[in-house]
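Participant: Predicted model follows, preceded by the sequence.
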Amino acid sequence: MSKWTIGVIGGSGLYEIDGLEGAEAFSIDTPWGAPSDPLMRGRIGDVTLVFLPRHGKGHRLTPTAVPYRANIDALKRAGCTDVLSISACGSLKQAYAPGDYVMVDQFIDRTFAREKSFFGPGMVAHVSMADPVCSRLSGLAGDAAERVGATVHRGGTYIAMEGPQFSSRAESNLYRQWGCDVIGMTNMPEAKLAREAELPYATIAMVTDYDCWFDEVEAVSVSNVLEVMRQNTERAKQAILELASGLNGVERSPSPQGIETCLDFAMITAPEARDPEILARLDAVAGRVL
Ligand SMILES: CSC[C@H]1O[C@H](OP(=O)(O)O)[C@H](O)[C@@H]1O
Ligand SMILES: Nc1ncnc2[nH]cnc12
């Protein structure tokens, strides 16, 4: 029977998870450097969870400095079948209030100072990002969050900004005009890299603030983000455990969107033109097809 191994990337305010059977910390080195922190593996029944705090324990890493490639490669090497991100975000819509969860299904990537691909000169690949989120994982995570009492909005566009500064009011209003629902600094290039690694990815965007467009409410600051996260972290942890409990004993079939085989249609470099050094670095991410 095929089992679930869910990688969980914890965002701001979520640096560890407890309540797992057989929990053990472990380190993985990758061809892309070290991940943000040692990983933690544990089980709920026959479901394995692998936890990684995105910014490292103590929140050492800026959104720009998060080693996104190493993190995704490490989760792949750890045997993850799926990756769930938990992220703090600002709301760009009045109806998405602080404390609510948004099950993001689209992204706009406005980051510009990050490595965004495992591929490059000597091994070129173009994966589709038309549907960047695994709808099955997102649906299951949203259901689990609802079961532990969260207000969950299904679907939403997350705009990823470079940061680390928050947006100006003009930017915040522009993103609203673009139809974005929430804003954060980390889900790109994470979602792109997960797709390149053929890992179904979903994110629970936990609204912590109204950014700075809403004149009736104080503009975002770290202290209001952390205050909402403090109230919400326990529920986020419960949602993760509830997701795993719900999948205990459930056979895992491949993602209905074909994400685990997306590299079949993505690689374009002729075999004789491939650079062996890059191929060696792709052993975990693209080993299935190389
Ligand atoms: C502490 S507020 C800004 C910070 O929070 C979000 O991070 P994450 O997605 O890891 O929860 C946001 O993207 C910024 O990095
Ligand atoms: N308003 C906001 N902008 C960017 N990242 C955030 N993370 C939490 N709130 C945010």
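Facilitator: Structure received. Ligands and ions are numbered 1, 2, ... in the order given.
Participant: Show me which residues of this protein are close to ligand 2?
Facilitator: For the chain, the residues in contact with ligand 2 (CB under 6 Å from any ligand atom) are 88-90, 161, 166, 183-185, 208-209, 211, 220, 225. Bear in mind the C-beta positions are built from the backbone N, C-alpha and C, glycine included.
Participant: Any chance of a ChimeraX selection covering the buried ones in those residues?
Facilitator: Here the buried members of the residues of the chain next to ligand 2 are turned into a ChimeraX selection, burial being counted by 16 or more other CB atoms under 10 Å:
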select :88,89,90,161,166,183,184,185,208,209,211,220,225
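Participant: Mind checking which of the residues of the chain next to ligand 2 are in helices?
Facilitator: Secondary structure assignment (DSSP state H) places Val225 from the residues of the chain next to ligand 2 within helices.
Participant: Columns pLDDT on top of the residues of the chain next to ligand 2, output as CSV?
Facilitator: Formatted as CSV, the entries for the residues of the chain next to ligand 2 read as follows, by pLDDT from 0 to 100:
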residue, pLDDT
Ala88, 96
Cys89, 98
Gly90, 98
Met161, 98
Phe166, 98
Ile183, 98
Gly184, 98
Met185, 98
Thr208, 96
Asp209, 97
Asp211, 97
Val220, 90
Val225, 91
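Participant: which stretches of the stretch 51-200 of the chain form strands?
Facilitator: Per DSSP state E, counting those that start in this stretch, the stretch 51-200 of the chain has strands spanning 82-91, 101-103, 106-109, 152-154, 157-160, 182-184. These are given in chain order.
Participant: which parts of the first one are buried?
Facilitator: It stands for strand 82-91. Of the residues in strand 82-91, those buried under the neighbour-count criterion (16+ other CB under 10 Å) are Asp82, Val83, Leu84, Ser85, Ile86, Ser87, Ala88, Cys89, Gly90, Ser91.
Participant: so the second one bridges to which residues?
Facilitator: Spelled out, that is Val83. Taking DSSP bridges as the rule, Val83 bridges to Gly7, Tyr201.
Participant: for the last one, same thing?
Facilitator: In this structure, Ser91 has the following beta-bridge partners (DSSP bridges): Val182.
Participant: separation between it and Tyr101?
Facilitator: Using CB to CB, to the nearest Å, we find Ser91 at a distance of 11 Å from Tyr101.
Participant: Mutual contacts of these two, please.
Facilitator: When contacts are counted by CB atoms under 8 Å, 6 or more residues apart in numbering, the set common to Ser91 and Tyr101 consists of Val207.
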